[in-house]
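Novice: Below are the sequence and a predicted model; questions follow.
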Amino acid sequence: MAGGCKIRIILWRVVAALALVGAFGIALVEASRSPKSQKPKPTPVQKRVPQAKSKPSAAAIERQIAQRWMRQMSLRQLVAQLVVITSYGEAPPKHSREFRNYTKLIRDTRVGGLIVINRVQNGFVRQAEPYAMAAFLNRMQRLARVPLLVGADFERGASMRVANTVKYPHLMAFGAAGDPQLTRRLGLATAREARALGVHWVFAPVADVNNNPDNPIINIRSFGQDPAAVSAHVRAFIEGAHSDPAARVLVTAKHFPGHGDTTVDSHLGLATVSAGRERLEKVELAPFRAAIAQGVDSIMTAHIALPAIEKEEIPATVSAAVLTGLLRDELKFGGLVVTDAMDMQGLSKQFDSGAAAARALEAGADVLLMPPDPEEAIRAVLAAVKNGTLTRKRIEQSALKVLMAKARLGLHRKRLVNLEEISDVLVSEESAALAQEVADRAVTLVKNTAKTVPIAQPANACLFLLSESRYGQQGRALMAEAARRAPGMRVTLLDPTVSAAELDRAAAGAGACPQVVVAAFVSVAAYRGKTALAGNYESFLRALIARGKPVTLISLGSPYLVRAFPGVGAFMTTYSTAPTSEIAALKALLGEIPITGKLPVTIPEPAQ
């Protein structure tokens, strides 16, 4: 009895426990069905994918490189970076005074750059030899702690400063050809030639509108007198020069605010553009606006007075109204502003090297080109900072621009050129073909009242070549082509040293020639002050005209020459003294090519 009772109690407890467990299970099921009490399912652990960091912009990288250089420089060295000194592309020996001076300025003073110009000796312009020039620039780059910025006036490719290069015609020939695509190709070829030689800063294109026939220094260096056409060529040059990433150069529009309507060579004195503000907007400023819109890297100032903007009779180079008020604020140009050569008398007659340097920076310039005394220029700028005329911040702004430009050109990676590759670029069949094509298409027949162009009987003609120097090569290409294409033609090469008596005899001898052709070289050159026939050529040409037989005059250079000789029977112009233009002139004279060039300028009476 007692044992059975115990069994029943145990069974009862088991049943109760099972019932409790069942009830709890039902409760759990109900809870799982209720959305309010449902617990969120645990999410699987996801691996974190590292997000790719956005690359800094090219400008940010350039700034970082420039700032790293700047941290290593004193204020004096920052000022020195704004100075570009003169070189001639020659390779002076290490023990020479010239080399020691370069060493001092580049290694010790730490100037920012060099410009390659030509040396003139006894009236003869001596161009740089390409390999010697590149070797010299490599040597200077090795001296520099920070890479040098090397500039050159490559207005018509490297041929303007360097020998043994493709001889492109002057820019007015491109204007006469009338095809901006040819100018674009010139810009590309110029950039490639420049970088092959160690030049990074091309002081081109000329953006001046040559609307003054008496301009002694711009003239055929300009694309012409129509602001729209000049603007189109300026844009095309910039586009071409920027088109090859492997040959990146800085491009410069010059000479701001426009040097075309002047009669004074600013190498000799202060020129003045007296136009009012409305005319400036329509004419002089138009190509510069186009250049800025095209992304031009720098703008070069002109040593000209501009009364419509600057009330003082001072060069634009030292005018805050022109460089800051007009160029920076109105035209919104934020690139490098470089002065024209500071040894030019248009500036140096008013300001010495130091004063000019300080005032140019105060006005808004960034780079001081060719100060006569670089050390004096640096001292004057430092003195201006000390007396509060300039601030350190202002110096740092310009230095940052210069150094960022060096980084943009990749000079922090590679500053030397490979001498073995120079000929691969400079000796280019494509570029040579371009130069000759432009020269051919530029030839313009302005006058042909005597119907002597093309020439009827080349074998019976007398051709006189009036060169500008007895030491140069002017006329040599034309003589060689005449011997090949017109063997019977009587060709006489004259130079300015020929006496008046000899010229009289030559004129008398021309009486036996049924046809007389005179090809005169008329270029523009610094410090000459005029564009006219050299020596006694004017009297010689008038004597030929006075004999009564039609004279065909060919200007190898300035198209304005014909104004002085309205009596010629025919007038043809090439707008250039380049050998390619000599060949083009002969081909046109012989009727071998069509004459399709159009005058990009107006020639005043009595020529037309």
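Specialist: Structure received.

Novice: from here on, contacts and neighbour counts on C-alpha atoms
Specialist: Noted.

Novice: My reading is that residue 255 lies in a helix. Confirm?
Specialist: No - the assignment for residue 255 by DSSP: H, G, I helix; E, B strand; the rest coil gives strand, which leaves it out of any helix.

Novice: Next up, the contacts around it.
Specialist: Residue 255 makes contact with 206, 207, 208, 299, 300, 301, 302, 340 under the criterion CA atoms under 8 Å, 6 or more residues apart in numbering.

Novice: Now flag whichever of the residues you listed is closest to residue 119.
Specialist: Set against residue 119, the nearest of these by CA to CA is residue 340 (17.8 Å).

Novice: so how far is the first residue of stretch 452-464 from its last?
Specialist: With CA to CA, to the nearest Å as the measure, the first residue of stretch 452-464 is 16 Å from its last.

Novice: returning to what we had before: which of the contacts of residue 255 fall in strands?
Specialist: Here DSSP state E is the test, and those give 299, 300, 301 as lying in strands.

Novice: between the contacts of residue 255, which has the most around it?
Specialist: Counting neighbours by other CA atoms under 10 Å, the top entry in those is residue 207, with 34 neighbours.

Novice: sec struct for residue 86, please.
Specialist: What three-state DSSP gives for residue 86 is strand.

Novice: cool, the one 3 residues further on as well?
Specialist: With three-state DSSP as the basis, the three-state label of residue 89 is coil.

Novice: which non-adjacent residue is nearest it?
Specialist: Residue nearest to residue 89 in three dimensions, not counting chain neighbours: residue 133, with 4.2 Å by CA to CA, 6 or more residues apart in numbering.

Novice: hey, C-alpha coordinates of the one helix or strand the one you found maps to in PDB?
Specialist: Assignment of secondary structure by DSSP states H and E places residue 133 within helix 130-143. Included here for helix 130-143 are C-alpha records, laid out as PDB according to Å, rounded to 0.1, in the frame of the first residue of the first chain:
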ATOM      1  CA  PRO A 130      71.800  72.600 -81.300                       C
ATOM      2  CA  TYR A 131      74.100  70.000 -79.700                       C
ATOM      3  CA  ALA A 132      76.300  72.600 -78.000                       C
ATOM      4  CA  MET A 133      73.200  74.400 -76.800                       C
ATOM      5  CA  ALA A 134      71.600  71.200 -75.400                       C
ATOM      6  CA  ALA A 135      74.900  70.100 -73.700                       C
ATOM      7  CA  PHE A 136      75.200  73.600 -72.100                       C
ATOM      8  CA  LEU A 137      71.700  73.500 -70.800                       C
ATOM      9  CA  ASN A 138      72.200  70.000 -69.400                       C
ATOM     10  CA  ARG A 139      75.300  71.300 -67.600                       C
ATOM     11  CA  MET A 140      73.500  74.300 -66.200                       C
ATOM     12  CA  GLN A 141      70.600  72.000 -65.000                       C
ATOM     13  CA  ARG A 142      73.100  69.900 -63.100                       C
ATOM     14  CA  LEU A 143      74.300  73.000 -61.300                       C
END
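
Novice: Is residue 548 within a helix or a strand, and which one?
Specialist: With DSSP H and E as the test, residue 548 turns up in no helix or strand.

Novice: all strands in the stretch 251-400 of the chain, in order from the N-terminus.
Specialist: Secondary structure of the stretch 251-400 of the chain by DSSP state E, counting those that start in this stretch: the strands cover 271-272, 298-301, 304-305, 336-338, 368-369.

Novice: Tell me, how many residues neighbour residue 460?
Specialist: Residue 460: 17 surrounding residues under other CA under 10 Å.

Novice: my guess is it contacts residue 514, does it?
Specialist: Yes - in this structure, residue 460 sits in contact with residue 514. The criterion is CA atoms under 8 Å, and the distance is 6.4 Å.

Novice: For this protein, which residue occupies the most central location?
Specialist: Nearest residue to the geometric centre of the chain (CA atoms, centre = their mean): residue 204, 2.0 Å.

Novice: With residue 360 as the reference, measure out to the nearest residue to residue 82 once chain neighbours are set aside.
Specialist: Using CA to CA, 6+ apart and skipping the chain neighbours, the partner closest in space to residue 82 is residue 367 (4.7 Å). From residue 367 across to residue 360, the span is 9 Å (CA to CA).

Novice: shared neighbours of the two, which are they?
Specialist: In the contact map built from CA under 8 Å, 6+ apart, the residues linked to both residue 367 and residue 360 are residue 339.

Novice: Which pLDDT value belongs to residue 308?
Specialist: pLDDT, the model's per-residue confidence, is 98 for residue 308.

Novice: I'd like to know how many residues surround it.
Specialist: 14.

Novice: now do residue 454
Specialist: Residue neighbour count, defined by other CA under 10 Å, stands at 18 for residue 454.

Novice: Residue 594 is nearest to which of the strands of the stretch 251-400 of the chain?
Specialist: Residue 594 lies closest, by CA to CA, to one member of the strands of the stretch 251-400 of the chain: strand 298-301, at 37.9 Å.

Novice: what mean pLDDT does that closest one have?
Specialist: For strand 298-301, the mean pLDDT works out to 98.

Novice: Stretch 129-142 now?
Specialist: Mean predicted confidence for stretch 129-142 is 97.

Novice: So for that stretch, what gets flagged as buried?
Specialist: With burial defined by 16 or more other CA atoms under 10 Å, the residues of stretch 129-142 counted as buried are 129-138, 140-142.

Novice: Quick one: end-to-end distance for stretch 259-279.
Specialist: 14 Å.

Novice: and it, how far out from the chain's middle?
Specialist: Using CA atoms, centre = their mean, to the nearest Å, the mean C-alpha position of stretch 259-279 is found 21 Å from that of the whole chain.

Novice: before we move on, what about stretch 466-483?
Specialist: Chain-centre distance of stretch 466-483: 29 Å, with CA atoms, centre = their mean.

Novice: buried set for that stretch?
Specialist: For stretch 466-483, using 16+ other CA under 10 Å, the buried residues are 466, 467, 468, 469, 474, 475, 477, 478, 479, 481, 482.

Novice: Compile those residues into JSON lines and extend it with columns for pLDDT.
Specialist: Shown next, in JSON lines, are the buried residues of stretch 466-483 (pLDDT from 0 to 100):
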{"residue": "466", "pLDDT": "97"}
{"residue": "467", "pLDDT": "95"}
{"residue": "468", "pLDDT": "92"}
{"residue": "469", "pLDDT": "88"}
{"residue": "474", "pLDDT": "94"}
{"residue": "475", "pLDDT": "94"}
{"residue": "477", "pLDDT": "96"}
{"residue": "478", "pLDDT": "96"}
{"residue": "479", "pLDDT": "95"}
{"residue": "481", "pLDDT": "95"}
{"residue": "482", "pLDDT": "95"}
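
Novice: So which of those residues is the closest to residue 507?
Specialist: For the buried residues of stretch 466-483, the closest approach to residue 507 (CA to CA) belongs to residue 466, at 12.8 Å.

Novice: Would you check that the closest one makes contact with residue 495?
Specialist: Yes - counting by CA under 8 Å, residue 495 is a contact partner of residue 466 at 6.1 Å.

Novice: Next secondary structure after the helix or strand of the chain with the lowest mean pLDDT?
Specialist: In the chain, the helix or strand scored least confidently by mean pLDDT, DSSP states H and E is helix 2-33, which has a mean of 41. Remark: after helix 2-33, the chain's next helix or strand is helix 58-70, criterion DSSP H and E.
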